[in-house]
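Visitor: here is the input, now give the coordinates:
(one chain, ligands or ions: 1)
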Amino acid sequence: MISAEFDYKVASSVDDAIALLAEGGAGARLLAGGHSLLPLMKLRFTSPALLVDIARIDGLRGIQTGDDTHVIGALTRHADLQARDDLGLLATAAGEIADQQVRNRGTIGGSLANGDSAADLPAVLLALEGSVVVKGPDGEREIAAADLFEGYLTTSIRQGEMLTAVRVPALAGYGHGYEKFNRRSEDWAMVGVCALVKASDGVCEDVRIGLTHMASTPLRATAAEEALRGQPLDAEHIAAAAELAAEGTEPLGDLNATPDYKRHLARVLTRRALTTASGA
Ligand SMILES: Cc1cc2nc3c(=O)[nH]c(=O)nc-3n(C[C@H](O)[C@H](O)[C@H](O)COP(=O)(O)OP(=O)(O)OC[C@H]3O[C@@H](n4cnc5c(N)ncnc54)[C@H](O)[C@@H]3O)c2cc1C
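Guide: Below you'll find the predicted structure:
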């Protein structure tokens with residue numbers, strides 16, 4: 001299908017983008033890589049009156065690494081993340097997004113602001129306990145990952161605000177695992193699971209598990225995390241914790257899978273992700 005008509009303006013800076021958003025009011029939307037917004041416009045799920053193109057704003061693409069935090073510009077592409085092994089889980093997950101063409105255009109800011117629970121990076125941000133920096137007419141604020149995802153394609157970034165950066169802790173000493181189940185390798189996740197594990201003398205000191213596509217928002221598998229924390233990192237304890245991975249989830253059935261099948265996938269993928277993350 002063809003999208004409805006819209007105006008198009010190119011922003012030269014973050015402040016310019018915020019001013020253009022204010023000018024456009026409720027009908028204005030930011031355009032970054034366009035790989036989520038344009039398909040939705042073509043299907044007429046959304047018909048913004050004005051697109052504010054932020055792709056050419058200088059200084060929003062790149063990764064700054066401090067002692068314990070990575071600060072990632074909103075326009076950093078999935079391909080840039082994929083190329084940075086030192087980003088650990090984030091690099092691994094970015095490498096699993098769609099195909100190279102999509103990864104060359106799609107941005108971390110666009111993916112997180114879009115808030116799709118089937119996307120790979122939202123659950124990763126939750127598990128990393130990262131945050132996003134947003135700027136709007138009233139200034140700048142930071143939103144923790146746990147407060148960002150409010151519902152299907154809905155985040156706590158307000159109309160008129162722009163996500164400018166993503167902060168993630170470096171998490172030295174954590175192993176990671178990422179499991180994505182789909183019918184074709186470049187598809188969206190039917191279910192995805194990311195795991196971060198910190199071990200001390202073979203015992204689980206800390207664990208974080210993020211679930212993709214198991215509800216209308218990304219989730220943490222808190223029951224499984226609690227079951228494994230403080231336990232030996234062997235096959236038996238990992239399997240017992242993974243059995244709890246679907247607790248508190250509300251997966252929707254779709255053409256690919258029933259809710260029960262998704263719960264089964266969550267348990268199996270959690271066991272695999274934990275096994276990889278703990279080196280068990
Ligand atoms: C064929 C195909 C397959 C895909 N498969 C996957 C997949 O397997 N896994 C996956 O995770 N993703 C997948 N994607 C989506 C892809 O990762 C997108 O690039 C990403 O979700 C959105 O990033 P974008 O830069 O393209 O954002 P855009 O499409 O430009 O924008 C998306 C939304 O975010 C808003 N937005 C963009 N930037 C900002 C900002 N800085 N501040 C505030 N709001 C902003 C826009 O207004 C819009 O509402 C796929 C896309 C395609 C086309």
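Visitor: okay, CA-based contacts and neighbour counts for the rest of this
Guide: OK.
Visitor: residues of stretch 86-93 that come out buried?
Guide: 87, 88, 89, 90, 91, 92, 93 (16 or more other CA atoms under 10 Å).
Visitor: ok, so of those, who is nearest the ligand?
Guide: Relative to the ligand, the closest of these is residue 93; by CA to the nearest ligand atom it sits at 8.6 Å.
Visitor: against residue 140, how distant is the closest one?
Guide: Distance of residue 93 to residue 140, given as CA to CA, to the nearest Å: 28 Å.
Visitor: where does the chain come near the ligand, residue by residue?
Guide: Residues of the chain lying near the ligand by CA under 6 Å from any ligand atom: 29-37, 74, 97-98, 102, 106-107, 109-111, 113-114, 119-121, 162-164, 187-188.
Visitor: among the residues you listed, which ones are in strands?
Guide: Residues from the residues of the chain next to the ligand lying in strands, with DSSP state E as the criterion: 29, 30, 31, 162, 163, 164.
Visitor: could I get these in CSV, plus columns for pLDDT and distance to residue 134?
Guide: Formatted as CSV, those follow (pLDDT from 0 to 100; distance: CA to CA, whole Å):
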residue, pLDDT, distance to residue 134
29, 98, 15
30, 98, 13
31, 98, 15
162, 98, 5
163, 98, 4
164, 98, 6
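Visitor: buried among those residues? Need that as a selection in ChimeraX.
Guide: With 16+ other CA under 10 Å as the criterion, this ChimeraX line picks the buried residues out of these:
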select :29,30,31,162,163,164
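Visitor: reformat the ones in strands among the residues of the chain next to the ligand as a markdown table; add distance to residue 128.
Guide: Below are these laid out as a markdown table (distance: CA to CA, whole Å):
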| residue | distance to residue 128 |
| --- | --- |
| 29 | 28 |
| 30 | 26 |
| 31 | 26 |
| 162 | 22 |
| 163 | 18 |
| 164 | 18 |
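Visitor: which one of the ones in strands among the residues of the chain next to the ligand is nearest residue 136?
Guide: Nearest to residue 136 among those: residue 162, at 6.3 Å, using CA to CA.
Visitor: okay, and the beta partners of that closest one?
Guide: Beta-bridge pairing of residue 162 under DSSP bridges involves residue 135.
Visitor: I'd say it and residue 18 touch.
Guide: Yes. Residue 162 is within contact range of residue 18, at 7.0 Å (criterion: CA atoms under 8 Å).
Visitor: next up, the contacts around residue 246.
Guide: Residues in contact with residue 246 (CA atoms under 8 Å, 6 or more residues apart in numbering) are 214, 221, 263, 264, 266, 267.
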